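>>> Got a predicted model here, sequence first, then my questions.
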Amino acid sequence: MNLVRPKEPVIGRVVRSESCMAGRSASFVRHVEIDVSGTPLEGNFRVGQAFGVVPPGRDASGKLHAVRLYSIASPSWGEDGAGKVLSTTVKRVIDERKTDDPQVHDLFLGVCSNWLCDVPLEAEVAITGPSGKRFLLPSDTAAHDYVFVATGTGIAPFRGMIKELLEAPGGPCNSQIHLVLGVPYGTDLMYDDLFTSLDQAHDNFHYHTAISRPERGPRRYVDRAVVESSQIGELLQGDRTLLYMCGLKGMEEGIYRHMFDLGVVDQYLEWPDSIERDPANVGERKVRAGARCLLEVY
Ligand SMILES: Cc1cc2nc3c(=O)[nH]c(=O)nc-3n(C[C@H](O)[C@H](O)[C@H](O)COP(=O)(O)OP(=O)(O)OC[C@H]3O[C@@H](n4cnc5c(N)ncnc54)[C@H](O)[C@@H]3O)c2cc1C
C-alpha cells in the first residue's frame, strides 16, 4: 500500500480510453487504461484497491489539486497480463453549480474526472497508490462462492475481480459467481458486452441487471434483484459465500433485511448484544459488516 505518496506522484501514460456504456446516456463513463511500467506500481497493485490521480493545475485557493482515488478495474495482473497496465472506470462529474446566489447557475464540471476522460492517448498522468487492504479477493479463490452487487461505477472493482476469477492463467475458477449491476437506464450499463459474453461462456457465472428507471415496466433496484433471485438466496445461505457490495450506500439495508428472511444475518453481520436482532435495526451504526461481507459504499 501507498508505494507512491500524493506529494510525490509518479508518471503513467494513458494507453486506452473508450466509453464503456451500453448506449447513449446523460451520464458518461469511460474505461481508461494507464501504463504504469517503470513506476513502483508496476506489478504491485491488486484488484479491489484504488490508485490516485493528481490532476494538473491548481484549485480556487491556488493550491495544487488534491489527489482523487479511482478503483482498479483490471485483474491484479493488469490489462496486459504483466502488471504494467492498470485500468479504471471514470464517470464524468457534471452538475449545475449550487451557490447561495440564485443568479449563479452555470455548469459545474468535476476537475479530475473530466480531465481524465479528456486526456488523449499517450498523455502523462500523475498517479499515486495503491490504497486499500480489505476489499480484496481471498488468496484461495476456489474456497469461496461470490455475490457481487454494484451500483453505477461501483462496477469497476468487480470487472477486475470477475476477470481475475474467470480468466486466471491457470484456468477459470469453478465457484458460483453472481453479479448484480444496478443503473438508472439500460443505456447506462457498463461493460455489458463483457459480462453478457462471460455469462454465456461460463455456467458458473450469472449476470443480473437492475434498471431503476426503465422505459417500460417496474423500477428495479439492486437490493430487489438480490431478494428476487432464489439462486442468490441459496448462495447466501451457503457457508463459503462472500458478499461484496460497491456503490451507493442505500443498497445495503434491503440486502441486510433479506438476510433475516434467509436466516443468515449472523454470517454476514457483526451484531452487538446491546442491539436487538431485528430487521428494523439493520441501519444501526454499531451493526457492522462481518468478515464475509466486504463493503465499499458511499
Ligand atoms: C476509494 C474510492 C474509489 C473511487 N473510485 C472511483 C471510480 O472507480 N470511478 C469514479 O468515477 N470515481 C471514483 N471515485 C470518486 C473519485 O475519487 C472522485 O471523487 C470523482 O471522480 C470526482 O472527482 P472530480 O475531481 O471530477 O470532482 P471534484 O472537482 O472534486 O468535484 C466533486 C466535488 O464537488 C462538489 N460538487 C458536486 N456538484 C457540485 C455543484 N453542482 N456545485 C458545487 N460543488 C459541487 C461535490 O460535493 C464534490 O465534493 C472513488 C472515490 C473513492 C474514495
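Yes, it's here. Nothing here was measured: the structure is a model prediction, and the numbers come from that model.
>>> The residue of the chain at minimum distance from the ligand and residue 298, how far apart?
Closest to the ligand within the chain is residue 110: 2.3 Å, counting by CB to the nearest ligand atom. (C-beta placed from N, C-alpha, C; glycine too.) Residue 110 is 15 Å from residue 298, where distance means CB to CB, to the nearest Å.
>>> which of those two has more neighbours?
Taking other CB atoms under 10 Å, residue 110 and residue 298 do not tie; residue 110 has more neighbours (17 against 8).
>>> The closest residue to residue 129 other than its chain neighbours: which element?
Distance criterion CB to CB, 6 or more residues apart in numbering; nearest residue to residue 129, sequence neighbours excluded, is residue 51 at 3.7 Å. Residue 51 belongs to strand 50-54 when assigned by DSSP states H and E.
>>> The next helix or strand after that strand close to the ligand?
Following strand 50-54 in sequence order, the next helix or strand is strand 68-71 (DSSP H and E). Yes - under the criterion of CB under 6 Å from any ligand atom, the ligand is reached by strand 68-71 at 68, 69, 70, 71.
>>> Throw those residues into JSON lines and include pLDDT and neighbour count, thanks.
Listed next are these as JSON lines, based on pLDDT from 0 to 100; neighbours: other CB atoms under 10 Å:
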{"residue": "68", "pLDDT": "98", "neighbour count": "19"}
{"residue": "69", "pLDDT": "98", "neighbour count": "16"}
{"residue": "70", "pLDDT": "98", "neighbour count": "24"}
{"residue": "71", "pLDDT": "98", "neighbour count": "25"}
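>>> dump the residue contacts of the residue nearest to residue 129.
41, 45, 69, 70, 72, 86, 88, 127, 128, 129, 130, 131 (CB atoms under 8 Å, 6 or more residues apart in numbering).
>>> Give me the pLDDT for the residue of the chain closest to the ligand.
At residue 110, the model reports a pLDDT of 97.
>>> Please name the nearest non-neighbouring residue to it.
Distances taken as CB to CB, 6+ apart put residue 93 closest to residue 110, at 2.7 Å, once the chain neighbours are dropped.
>>> if we look at the sheet, which residues does the residue nearest to residue 129 bridge to?
Taking DSSP bridges as the rule, residue 51 bridges to residue 70.
>>> now it: how far from residue 44?
11 Å.
>>> For these two, list the residues in contact with both.
residue 130.
>>> Tell me who's in contact with the closest residue to residue 229 other than its chain neighbours.
Excluding the flanking residues, the one nearest residue 229 by CB to CB, 6+ apart is residue 208, at 6.4 Å. Contacts for residue 208 (CB under 8 Å, 6+ apart) come out as 178, 179, 180, 181, 225, 229, 232.
>>> Got phi/psi on residue 89?
Phi and psi for residue 89, reported as degrees, to the nearest 10, are phi -120, psi 100.
>>> so who does the closest residue in space to it that isn't next to it in sequence touch?
Distances taken as CB to CB, 6+ apart place residue 156 nearest to residue 89, at 3.9 Å, with adjacent residues excluded. Counting by CB under 8 Å, 6+ apart, residue 156 touches 70, 71, 72, 73, 88, 89, 246.
>>> tell me, how many neighbours does the residue nearest to residue 110 end up with?
16.
>>> Over to residue 27?
16.
>>> Same check on residue 54?
Residue 54 has 18 neighbours, counted by other CB under 10 Å.
>>> Look up how far residue 91 lies from it.
Separation of residue 54 from residue 91 (CB to CB): 18 Å.
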